[in-house]
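Enquirer: Below are the sequence and a predicted model for it; my questions follow.
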Amino acid sequence: MFHSARIKLTGWYLLIIMSVSLAFSIVIYHQLTWEINRFEQAQRYGFERRLRDFDLPIEADHNSRPLRILIENPELVEEIERRVAVTLMIINGGILFMAGALSYFLAGKTLQPIQDMMDEQNRFISDASHELKTPLTSLKTAMEVFLRGKKKNLNDAKTIIGESIVEVNKLQSLSESLLQLAQYQNPNGHTLFEQILISDVVNKAVSNIKPIAKKKNIMIKTDVEDRKIKGNKYSLEDLFKILLDNAVKYSQVNTSVSIISKKTDGYIEIEVKDQGIGIDDKDLPRIFERFYRADIARTKNSHDGYGLGLSIAKKIVEIHHGSIGVKSKVKQETTFIVRLPIKQTNRSS
């Protein structure tokens, strides 16, 4: 489909370029031939005036060749006009060749963002379908096994319903994450930016994650400056909730998670550090990819994760014109570093 569209767009580019080129060629040809004829007439009249000055006959008599025939040379004029036409044809042929190559290149450049967007959408649909299939298959299998069983009792029914609720909760969590990711990926969506205190945003995120951290006896330490930035407080709260939830999820029991900030060259840098199992070097380059989950050691105790959180976090940072990175030591710690500009203009994303 992309190749076909590229060929069609190339054809349209070429048609426009050649139409303009041929139109100019016709104008140039007519202008040049008119100038050649005008010059030829001016030359002829000049010669005739000089002949009259010398009292030479212009018209032929019975003993001489007519001088007018010698002065006029229509064959030369026709030859010049023919050469002009041939030259313009050669030039247009060269333009056709170069414009064809350039049009094909530009058509590819024009369509590439559309192709990338379509590929991204197709991958998104494929990945989402795959992730939705797992809990749906689990639900279906559990129901079928229960229905095929000969002896059915209330306890079995309660067990099946309980397992089904767990799978439904997973589906709900996945659908909410997908909607959230789509919201930040949607270029037509509008994000309101305003002056906010980054410390307020972080504290709100911490208060949301504290109950989860308490279950593992994990202390969350904060040292964030009361610095104002321009951003969307709701999306930034989501960002730090994702990072803190991730830190708590992969930290060992009875440890701590820290979130600190510092100012660097027009940016505020916020670090979220855990004392967890770390991330292997081979996984670090792909950690922000949608639906990507690191090795089994990192995911075996977190069955409710779908690998969307960090993708959402990256999108949030991008709409704030910032950057996010990660560094990790296996079996020791992982640190996510968020850099947000202190001064920026309002934008819709």
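Expert: Noted; the coordinates are in hand.

Enquirer: Point out where this structure drops to low pLDDT.
Expert: Screening the chain residue by residue with the criterion pLDDT under 70, one finds the ranges 44, 46-48, 50-73, 186-191, 293-306, 344-349.

Enquirer: And the helices in it?
Expert: Assigned by DSSP state H, the chain shows helices spanning 2-53, 67-71, 74-148, 154-185, 198-215, 233-250, 296-299, 309-319.

Enquirer: Could you dump those helices into JSON lines with distance to residue 335 added?
Expert: Heads up, the C-betas are built off the backbone N, CA and C, glycines and all. As requested, those are exported to JSON lines (distance: least, Cβ to Cβ, whole Å):
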{"stretch": "helix 2-53", "distance to residue 335": "41"}
{"stretch": "helix 67-71", "distance to residue 335": "94"}
{"stretch": "helix 74-148", "distance to residue 335": "27"}
{"stretch": "helix 154-185", "distance to residue 335": "23"}
{"stretch": "helix 198-215", "distance to residue 335": "16"}
{"stretch": "helix 233-250", "distance to residue 335": "9"}
{"stretch": "helix 296-299", "distance to residue 335": "15"}
{"stretch": "helix 309-319", "distance to residue 335": "14"}
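
Enquirer: Tabulate those helices in JSON lines, adding columns for mean neighbour count and distance to residue 279.
Expert: Listed next are those as JSON lines, based on neighbours: other Cβ atoms under 10 Å; distance: least, Cβ to Cβ, whole Å:
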{"stretch": "helix 2-53", "mean neighbour count": "13", "distance to residue 279": "36"}
{"stretch": "helix 67-71", "mean neighbour count": "13", "distance to residue 279": "94"}
{"stretch": "helix 74-148", "mean neighbour count": "13", "distance to residue 279": "21"}
{"stretch": "helix 154-185", "mean neighbour count": "14", "distance to residue 279": "20"}
{"stretch": "helix 198-215", "mean neighbour count": "17", "distance to residue 279": "20"}
{"stretch": "helix 233-250", "mean neighbour count": "22", "distance to residue 279": "9"}
{"stretch": "helix 296-299", "mean neighbour count": "14", "distance to residue 279": "7"}
{"stretch": "helix 309-319", "mean neighbour count": "21", "distance to residue 279": "11"}
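
Enquirer: Residue 275: which of the ones you listed is closest?
Expert: Nearest of those to residue 275, taken as Cβ to Cβ: helix 233-250 at 8.8 Å.

Enquirer: What is the distance between that closest one and the centre of its chain?
Expert: 25 Å (Cα atoms, centre = their mean, to the nearest Å).

Enquirer: angle of it against helix 154-185?
Expert: With axes from the mean of the first three to the mean of the last three Cα atoms, to 10 degrees applied, the angle from helix 233-250 to helix 154-185 works out at 130 degrees.

Enquirer: and the gap between residue 246 and residue 272?
Expert: Separation of residue 246 from residue 272 (Cβ to Cβ, to the nearest Å): 8 Å.

Enquirer: and if you look at residue 328?
Expert: Using Cβ to Cβ, residue 328 is found at 12 Å from residue 272.

Enquirer: Closest to the centroid, which residue in the protein?
Expert: residue 113 (5.8 Å; Cα atoms, centre = their mean).

Enquirer: which ones are touching that residue?
Expert: For residue 113, no residue meets the contact criterion (Cβ atoms under 8 Å, 6 or more residues apart in numbering).

Enquirer: coming back round to it: of the helices of the chain, which is nearest residue 225?
Expert: helix 198-215 (6.5 Å).

Enquirer: With just CA atoms, put the closest one into CSV.
Expert: What follows is helix 198-215, C-alpha atoms only, in CSV (Å, rounded to 0.1, in the frame of the first residue of the first chain):
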residue,chain,number,x,y,z
ILE,A,198,6.7,20.4,41.4
SER,A,199,6.9,19.5,45.1
ASP,A,200,3.0,19.5,45.4
VAL,A,201,2.8,17.1,42.4
VAL,A,202,5.4,14.8,43.9
ASN,A,203,3.7,14.9,47.4
LYS,A,204,0.4,14.0,45.9
ALA,A,205,1.9,11.0,44.0
VAL,A,206,3.7,9.9,47.2
SER,A,207,0.4,10.0,49.2
ASN,A,208,-1.2,7.7,46.6
ILE,A,209,1.6,5.2,46.7
LYS,A,210,2.2,5.1,50.5
PRO,A,211,-0.5,2.5,51.2
ILE,A,212,1.1,0.1,48.7
ALA,A,213,4.6,0.8,50.2
LYS,A,214,3.3,0.2,53.7
LYS,A,215,2.3,-3.4,52.8
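
Enquirer: going forward, begin numbering at 634 instead of 1
Expert: Yep, numbering from 634; the last one is helix 831-848 now.

Enquirer: That helix vs helix 866-883, what angle?
Expert: Counting by the same axes, to 10 degrees, helix 831-848 lies at 30 degrees to helix 866-883.
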